[in-house]
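Participant: below is the sequence, then the predicted model.
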Amino acid sequence: MIAALAFSLTLAASAAAQSPAETLVAPGGALLRALDRISGALTELQIAPGETVEQGGLAITLAECRYPADDPGSDAFAHLTIRIPGAAEPLFRGWMIASSPALMALDHPRHDVWVIRCNIPEGDSSGG
């Protein structure tokens, strides 16, 4: 019993000592891809933080793009707001994840938007 308790405490201490992976904000913004499901047209969008671009009747605003510091090419997390210009409520507001675009997806009958990657500055010491 005491050995099991000591083992449990050792596991808990080692888990607490591990820190989560550090994420960095990409000051250069993000690369997004938009699909018009009716025409089949694909468009790549370079967007900076705070910038709004219009694509196919949608206004897409990037708040920020983050990526893992230890492996910048592996994933991107972009916080987007997507709305129809003039509408009070956005169609989408939240984080989109490049590796799992269906996890938090835009629900629109004609358009699809997803994150490709963060724009990592050249010379970034984190490997990007």
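Facilitator: It's in.
Participant: residues touching residue 34, list them.
Facilitator: Contact criterion C-beta atoms under 8 Å, 6 or more residues apart in numbering gives 42-45, 55-56, 58, 60, 111-113 as the residues in contact with residue 34. Glycine gets a C-beta too; all of them are placed from N, C-alpha and C.
Participant: as TSV, these with pLDDT, distance to residue 72 and secondary structure would be great.
Facilitator: Shown next, in TSV, are the contacts of residue 34 (pLDDT from 0 to 100; distance: C-beta to C-beta, whole Å; DSSP: H, G, I helix; E, B strand; the rest coil):
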residue	pLDDT	distance to residue 72	secondary structure
42	97	24	strand
43	97	24	strand
44	97	19	strand
45	97	20	strand
55	94	26	strand
56	91	29	coil
58	96	28	strand
60	97	23	strand
111	94	28	strand
112	95	25	strand
113	95	22	strand
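Participant: ChimeraX command to pick out the buried ones of the residues you listed?
Facilitator: To isolate the buried subset of the contacts of residue 34 in ChimeraX, counting by 16 or more other C-beta atoms under 10 Å, use the following:
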select :45,55,56,58,60,111,112,113
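Participant: mind giving me CSV with the contacts of residue 34 and columns for distance to residue 28?
Facilitator: Shown next, in CSV, are those (distance: C-beta to C-beta, whole Å):
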residue, distance to residue 28
42, 22
43, 19
44, 15
45, 14
55, 19
56, 24
58, 22
60, 17
111, 24
112, 24
113, 19
